[in-house]
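**Student:** how would this look folded up:
(one chain, ligands or ions: 1)
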Amino acid sequence: YRRRIPPGARRLPGPRCYPIVGRVHDIPEQSWLKFYEWNKQYGPIYQMEMFGDVHVWISSEKVAHELLSRRAPIYSDRPVIPNLPDNRTSGDYLALQGRTDTWKRQRKLAAQLMAVSANAALHEYPTAERDRFLYLLSRDPSQYREAIEQFTTRTVSRLSWGSPHPSAVLRETTMGLLETISPAGALPNVVSWLAHLPAFLSPWKRKENARHAREAALFKGNVHYVHDRLEEGNAEPSFVRTYIATLAKNPADAAKWGSEAEATYVVGQMAIAGALTIGSPIQSFILAMLHYPEWLKKLQDEIDRVCDDGRCPQWEDREKLHMLRAVVKEVVRWRPPVPTVNPGYRYDRIPHALEKDDVYEGYFIPAGSTIHALEWGMTRDEEMYPDPEAFNPDRWLNPKYPTYKEPLTIYPNLNGFSQFGFGRRTCQGVPIVDQDLFLVMGGLAWAFNIRKKRRPDGTEVPVHWNDYTPLLIAKPKPFEFHAEVRDDRKQDILQRMWEDGKWEDDKVEEMQMLDRKNIVTGKTISRATLKKEMVEEGDIGSDRGSETSTDGIGTGEALSSVHSTMSFSDLQSESEKDIWT
Ligand code: HEM
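**Tutor:** Numbering: from 1, shown residues only. Next up is the predicted model:
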């Protein structure tokens with residue numbers, strides 16, 4: 001590409017690279033820290049050549065807006081993922097598609113589903129699931145990661161299909177997709193020639209094919225379920241119900257919003273995006289409260305003052321809960337959920353791709369470059385975020401900080417925040433994220449005193465500051481903490497919240513979460529006893545032990561039957577695998 005550099009322009013600065021592999025050898029697991037280091041050395045935009053491709057890293061919001069937003073017509077493509085070679089062309093991956101007509105139509109549909117649904121009763125789901133989550137956490141805080149993943153997947157399942165039931169399979173297929181597209185998960189994303197192996201020689205292809213088939217069956221089964229409920233007149237509000245009932249009424253609508261088969265995948269992709277991401281800032285919130293207990297106290301004071309009848313914060317309270325919104329935003333800034341994670345640079349989270357040669361401030365950027373917005377670097381910009389390593393929600397509330405914005409009844413919020421991308425590819429789930437995080441972080445502060453654990457000799461059990469997992473979405477590695485319900489009244493309210501929101505499958509999920517502990521008595525019971533109890537109470541069928549949920553969904557049956565075939569062994573293996581580490 002050097003021959004294409006126009007007169008007067010020059011290459012972007014960047015670290016010296018070795019032939020072919022570039023600098024793949026000296027990238028640590030938490031790659032974003034290394035990229036940030038280079039950002040400080042080479043400036044807010046730099047490049048590296050790896051495996052024959054040019055990768056450009058942007059760590060300034062201003063530059064990212066200049067290129068990814070203002071020059072969006074040429075900066076909105078996506079690169080090929082070696083281990084998922086049809087990601088740009090297949091209609092099955094909204095977030096990973098190239099800048100194609102299919103992507104444009106699907107993005108429009110996703111926006112419309114969010115807009116219509118914002119007016120519907122969908123807001124009740126995150127609240128109901130939040131209530132359930134708080135109660136489960138109060139029973140056993142050590143299972144916080146499991147409880148959080150249940151919250152995120154159940155909420156997004158209900159938003160998508162009007163039922164929490166698909167959440168268990170959704171968790172598995174979503175995790176599988178992460179492995180498929182991450183360098184840390186599949187070798188062809190690092191050694192790209194492996195992507196050309198035929199399926200019979202490629203364990204990665206076989207794995208992805210099986211995952212995709214399972215996912216397709218899940219998505220189709222869920223849409224059948226909504227059709228069935230619509231016919232019976234009892235469909236709960238959901239994205240799919242919105243599509244069927246309001247957007248696809250006549251053939252012309254199908255041209256505008258896409259066919260039902262396409263909408264099935266658009267909703268599925270939104271569910272995946274929601275299942276993947278929101279758990280990260282919830283875990284980071286707990287971490288922040290352990291290291292900055294003064295902010296937990298301030299938050300509790302605000303909540304107690306605004307919700308003076310003792311209620312748990314509701315979405316309707318948001319205008320008055322300024323500090324809670326500031327805490328939400330600061331958690332996302334302090335520990336970005338998708339901070340560019342790619343030990344092999346072949347593919348990280350969801351970068352942009354440049355379609356035409358471009359020149360920015362005298363620097364040449366060749367067509368085909370992969371453009372990475374470096375979230376970690378952006379959130380460490382000292383001009384915008386003074387003392388950036390400090391967790392300081394005040395930066396959103398106090399006029400002395402550059403990020404302060406009025407009116408406080410509206411700001412801060414997550415709209416337009418750099419952590420959700422740029423230009424035409426910005427995240428489409430921000431309203432859901434805003435609401436989920438507000439409700440959960442507010443609920444946690446309302447319900448619990450969270451603090452570091454102490455050993456019998458009185459010393460504190462140490463908690464890491466920044467030890468995060470590298471699989472596309474960065475989540476804190478496990479840490480220990482103590483969470484106790486703040487007072488008896490809140491304990492009673494939590495119990496009521498749980499009773500009000502109970503679903504018929506809760507017993508199964510309790511077992512999954514609590515690792516076979518009885519949620520009421522706290523006693524651990526054996527799997528055999530639990531299975532017997534569940535059979536007796538009709539939670540699972542006596543003859544279903546050997547069935548897999550794949551069998552159930554493989555037939556494309558309605559969702560209700562999908563979950564009646566969710567086997568006991570599936571759930572057991574789930575809790576044992578602990579795939580969410
Ligand atoms: C903490 C939670 C989340 C974070 C940090 C996050 C972040 C992001 C980022 C950084 C992008 C890429 C933007 C770009 O390429 O410029 C993205 C894309 C996307 N997100 Fe999210 N997201 C979150 C949750 C969600 C949720 C809940 C949904 C849907 C229900 C969602 C739906 C999408 C979609 C559909 C895209 C692809 C847009 C496109 O390629 O056109 N996200 N998200």
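
**Student:** For M48, pull up the helix or strand it's in.
**Tutor:** strand 45-50 (DSSP states H and E).

**Student:** elements contacting that strand?
**Tutor:** Counting contacts by 3 or more Cβ pairs under 8 Å, 6 or more residues apart in numbering; DSSP states H and E, strand 45-50 packs against strand 53-58. Glycine gets a C-beta too; all of them are placed from N, C-alpha and C.

**Student:** For this structure, list the residues in contact with the ligand, please.
**Tutor:** 94-95, 107, 110, 269-270, 273-274, 277-278, 281, 337-338, 350, 352, 419-422, 425-429, 432-433 (Cβ under 6 Å from any ligand atom).

**Student:** CA atoms only: put the strand holding M48 into PDB for me.
**Tutor:** Extracted C-alpha coordinates of strand 45-50, given in PDB (Å, rounded to 0.1, in the frame of the first residue of the first chain):
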ATOM      1  CA  ILE A  45      -4.100   7.600  16.300                       C
ATOM      2  CA  TYR A  46      -1.400   5.000  15.300                       C
ATOM      3  CA  GLN A  47      -1.100   2.000  13.200                       C
ATOM      4  CA  MET A  48       0.400  -1.500  13.000                       C
ATOM      5  CA  GLU A  49       0.700  -4.000  10.200                       C
ATOM      6  CA  MET A  50      -0.100  -7.500  11.200                       C
END
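
**Student:** quick one: it to strand 53-58, angle?
**Tutor:** Here strand 45-50 runs at an angle of 160 degrees relative to strand 53-58 (axes from the mean of the first three to the mean of the last three Cα atoms, to 10 degrees).

**Student:** quick check: mean pLDDT across strand 45-50?
**Tutor:** Summarised as a single mean, pLDDT over strand 45-50 is 87.

**Student:** need the contact list for the residue in the stretch 1-150 of the chain that the ligand sits nearest to.
**Tutor:** Closest approach between the stretch 1-150 of the chain and the ligand, counting by Cβ to the nearest ligand atom: A95, at 3.4 Å. Residues near A95 by Cβ atoms under 8 Å, 6 or more residues apart in numbering: 269, 273, 350.

**Student:** try 10 Å
**Tutor:** 78, 87, 103, 106-107, 110, 181, 269-270, 272-273, 276, 349-350, 421, 425, 427-429 (Cβ atoms under 10 Å, 6 or more residues apart in numbering).

**Student:** Next, the buried residues of the helix or strand that contains F285.
**Tutor:** Element membership for F285 (DSSP H and E) is helix 279-291. For helix 279-291, the neighbour count (16 or more other Cβ atoms under 10 Å) marks 279-290 as buried.

**Student:** State the pair within these that is farthest apart.
**Tutor:** G279 and L290 (17.1 Å; Cβ to Cβ).

**Student:** thinking again about what came up before, what lines up beside the strand holding M48 in the sheet?
**Tutor:** strand 53-58 (antiparallel) (DSSP bridges).

**Student:** Now the partner strand: average pLDDT?
**Tutor:** pLDDT averaged over strand 53-58 gives 90.

**Student:** Off-centre distance for it?
**Tutor:** 24 Å (Cα atoms, centre = their mean, to the nearest Å).

**Student:** can you give me the strands for this structure?
**Tutor:** 10-11, 45-50, 53-58, 352-353, 358-360, 363-365, 370-373, 448-451, 482-485 (DSSP state E).

**Student:** Mind putting those into CSV with mean neighbour count?
**Tutor:** Formatted as CSV, those follow (neighbours: other Cβ atoms under 10 Å):
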stretch, mean neighbour count
strand 10-11, 13
strand 45-50, 22
strand 53-58, 23
strand 352-353, 24
strand 358-360, 16
strand 363-365, 21
strand 370-373, 25
strand 448-451, 19
strand 482-485, 17
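
**Student:** Take those and lay them out in JSON lines including distance to S142.
**Tutor:** Compiled in JSON lines, the strands of the chain are given as follows (distance: least, Cβ to Cβ, whole Å):
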{"stretch": "strand 10-11", "distance to S142": "52"}
{"stretch": "strand 45-50", "distance to S142": "41"}
{"stretch": "strand 53-58", "distance to S142": "38"}
{"stretch": "strand 352-353", "distance to S142": "40"}
{"stretch": "strand 358-360", "distance to S142": "50"}
{"stretch": "strand 363-365", "distance to S142": "49"}
{"stretch": "strand 370-373", "distance to S142": "36"}
{"stretch": "strand 448-451", "distance to S142": "13"}
{"stretch": "strand 482-485", "distance to S142": "9"}
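
**Student:** So which of the contacts of A95 are in helices?
**Tutor:** 103, 106-107, 110, 181, 269-270, 272-273, 276 (DSSP state H).

**Student:** with those residues in mind, which one is nearest to G258?
**Tutor:** Q106 (6.3 Å).

**Student:** Quick check, that closest one in contact with L96.
**Tutor:** No - assessed by Cβ atoms under 10 Å, Q106 is found out of contact with L96, at 11.3 Å.

**Student:** any shared contact partners between the two?
**Tutor:** Joint contacts of Q106 and L96 (Cβ under 10 Å, 6+ apart) are Q269.

**Student:** Of the two, which one has the most company?
**Tutor:** Q106 (24 against 21; other Cβ atoms under 10 Å).

**Student:** quick one: contacts for that one?
**Tutor:** Contacts of Q106 (Cβ under 10 Å, 6+ apart): 91, 93-95, 97, 100, 257-258, 262-263, 265-266, 269, 428.

**Student:** and if you look at S138?
**Tutor:** By Cβ under 10 Å, 6+ apart, the contact set of S138 is 147, 447-448, 483-485, 490-491, 494-495, 497-498.

**Student:** Of those, just say which sits nearest to the ligand.
**Tutor:** Using Cβ to the nearest ligand atom, these come closest to the ligand at A147, 17.3 Å.

**Student:** List the contacts of that closest one.
**Tutor:** 132-141, 279, 282, 509, 513-514.

**Student:** Distance check, it against F133.
**Tutor:** Between A147 and F133 the computed distance is 6 Å (Cβ to Cβ, to the nearest Å).
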